[in-house]
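Trainee: Just the structure for this:
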Amino acid sequence: MRDNKLPMDSMVSHPDARQQIINIFKSFDKNGDGQLSWDEVKAAFAKLGAFFPDYRAWRGRNRADANKDGFISLETELGELVNYTLELKYNPK
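Mentor: Below you'll find the model as predicted:
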(Lines give C-alpha, C1' and ligand atoms only; values in the text may rest on other atoms or scores of the structure.)
Protein backbone atom coordinates (compact mmCIF):
# COMPACT_ATOMS: atom_id res chain seq x y z
CA MET A 1 0.00 0.00 0.00
CA ARG A 2 1.31 3.45 -0.87
CA ASP A 3 0.87 6.84 0.73
CA ASN A 4 -1.95 8.84 -0.85
CA LYS A 5 0.20 11.55 -2.45
CA LEU A 6 -0.38 13.97 -5.28
CA PRO A 7 1.82 13.82 -8.37
CA MET A 8 4.70 16.28 -8.18
CA ASP A 9 3.04 18.92 -10.40
CA SER A 10 -0.52 18.63 -9.11
CA MET A 11 -0.23 21.11 -6.24
CA VAL A 12 -0.52 23.86 -8.84
CA SER A 13 -3.97 22.59 -9.78
CA HIS A 14 -5.05 22.39 -6.12
CA PRO A 15 -4.70 25.96 -4.82
CA ASP A 16 -6.95 25.23 -1.86
CA ALA A 17 -4.94 22.18 -0.73
CA ARG A 18 -3.30 24.21 2.06
CA GLN A 19 -6.66 25.25 3.54
CA GLN A 20 -8.01 21.71 3.22
CA ILE A 21 -5.03 20.32 5.11
CA ILE A 22 -5.41 23.02 7.78
CA ASN A 23 -9.06 22.04 8.17
CA ILE A 24 -8.18 18.35 8.45
CA PHE A 25 -5.63 18.98 11.20
CA LYS A 26 -7.98 21.32 13.07
CA SER A 27 -10.77 18.74 12.90
CA PHE A 28 -8.57 16.34 14.89
CA ASP A 29 -8.32 18.71 17.87
CA LYS A 30 -10.94 16.53 19.54
CA ASN A 31 -10.76 18.08 23.00
CA GLY A 32 -10.74 21.66 21.67
CA ASP A 33 -7.63 22.70 23.60
CA GLY A 34 -6.08 24.52 20.61
CA GLN A 35 -3.25 22.06 20.20
CA LEU A 36 -2.67 18.70 18.59
CA SER A 37 -1.37 15.76 20.59
CA TRP A 38 0.68 12.94 19.15
CA ASP A 39 -2.44 10.80 18.70
CA GLU A 40 -4.34 13.64 17.01
CA VAL A 41 -1.51 14.31 14.53
CA LYS A 42 -1.20 10.57 13.86
CA ALA A 43 -4.95 10.30 13.22
CA ALA A 44 -4.81 13.27 10.82
CA PHE A 45 -1.99 11.67 8.84
CA ALA A 46 -3.99 8.43 8.70
CA LYS A 47 -6.93 10.43 7.31
CA LEU A 48 -4.58 11.90 4.70
CA GLY A 49 -3.67 8.36 3.64
CA ALA A 50 -0.22 7.95 5.19
CA PHE A 51 0.98 4.35 5.06
CA PHE A 52 3.01 4.96 8.24
CA PRO A 53 1.06 7.62 10.15
CA ASP A 54 3.19 7.08 13.29
CA TYR A 55 6.34 7.98 11.35
CA ARG A 56 4.72 10.97 9.63
CA ALA A 57 3.39 12.24 12.98
CA TRP A 58 6.84 11.85 14.55
CA ARG A 59 8.56 13.67 11.68
CA GLY A 60 5.91 16.37 11.52
CA ARG A 61 5.99 16.97 15.25
CA ASN A 62 9.79 17.14 15.28
CA ARG A 63 9.67 19.75 12.55
CA ALA A 64 6.74 21.86 13.77
CA ASP A 65 6.95 21.69 17.58
CA ALA A 66 9.05 24.84 18.00
CA ASN A 67 8.76 24.99 21.80
CA LYS A 68 9.31 21.22 22.20
CA ASP A 69 6.33 20.72 24.51
CA GLY A 70 5.14 17.64 22.62
CA PHE A 71 2.11 19.37 21.09
CA ILE A 72 1.41 21.32 17.92
CA SER A 73 -0.19 24.67 18.72
CA LEU A 74 -2.95 25.48 16.23
CA GLU A 75 -2.13 29.16 16.65
CA THR A 76 1.65 29.22 16.33
CA GLU A 77 2.93 25.86 15.03
CA LEU A 78 0.27 24.47 12.69
CA GLY A 79 1.67 26.36 9.68
CA GLU A 80 4.94 24.45 9.79
CA LEU A 81 3.13 21.11 10.11
CA VAL A 82 1.03 22.05 7.07
CA ASN A 83 4.20 23.02 5.14
CA TYR A 84 5.69 19.61 5.94
CA THR A 85 2.49 17.90 4.80
CA LEU A 86 2.39 19.88 1.53
CA GLU A 87 6.03 18.99 0.82
CA LEU A 88 5.01 15.33 1.03
CA LYS A 89 2.29 15.99 -1.59
CA TYR A 90 -0.58 14.49 0.38
CA ASN A 91 -3.96 14.73 -1.33
CA PRO A 92 -6.51 16.21 1.08
CA LYS A 93 -9.86 14.42 1.10
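Trainee: unless I'm mixing things up, residue 71 is touching residue 65, no?
Mentor: Yes: counting by Cβ atoms under 8 Å, residue 71 does reach residue 65; the two are 6.9 Å apart. C-beta: built from backbone N, CA, C; applies to glycine.
Trainee: Nearest spatial neighbour of residue 46, chain-adjacent residues omitted?
Mentor: Ranked by Cβ to Cβ, 6 or more residues apart in numbering and with sequence neighbours excluded, the top spatial neighbour of residue 46 is residue 53, at 4.2 Å.
Trainee: okay, now that neighbour: neighbour count?
Mentor: The number of residues packed near residue 53 is 19, by other Cβ atoms under 10 Å.
Trainee: now the one 4 residues further on
Mentor: Residue 57 sits with 24 neighbouring residues when counted by other Cβ under 10 Å.
Trainee: quick one: it and residue 16, what's the gap?
Mentor: Distance of residue 57 to residue 16, given as Cβ to Cβ, to the nearest Å: 24 Å.
Trainee: now swap in residue 41 and tell me
Mentor: In terms of Cβ to Cβ, residue 41 sits 21 Å off from residue 16.
Trainee: Settle it for me: which of these two has more neighbours?
Mentor: The residue with more neighbours, out of residue 41 and residue 16, is residue 41; 24 against 9, by other Cβ under 10 Å.
Trainee: need the contact list for the nearest residue to that one once chain neighbours are set aside.
Mentor: Excluding its sequence neighbours, the residue lying closest to residue 41 (Cβ to Cβ, 6+ apart) is residue 57, at 4.2 Å. Going by Cβ atoms under 8 Å, 6 or more residues apart in numbering, residue 57 touches 38, 41-42, 44-45.
Trainee: Would you map the strands across this protein?
Mentor: Applying DSSP state E to the chain gives strands spanning 35-36, 72-73.
Trainee: Give me the contact list for stretch 59-77.
Mentor: Contacts for stretch 59-77 (Cβ under 8 Å, 6+ apart): 25-26, 29, 34-38, 41, 45, 78, 80-81, 84-85.
Trainee: Brilliant, that's me finished.
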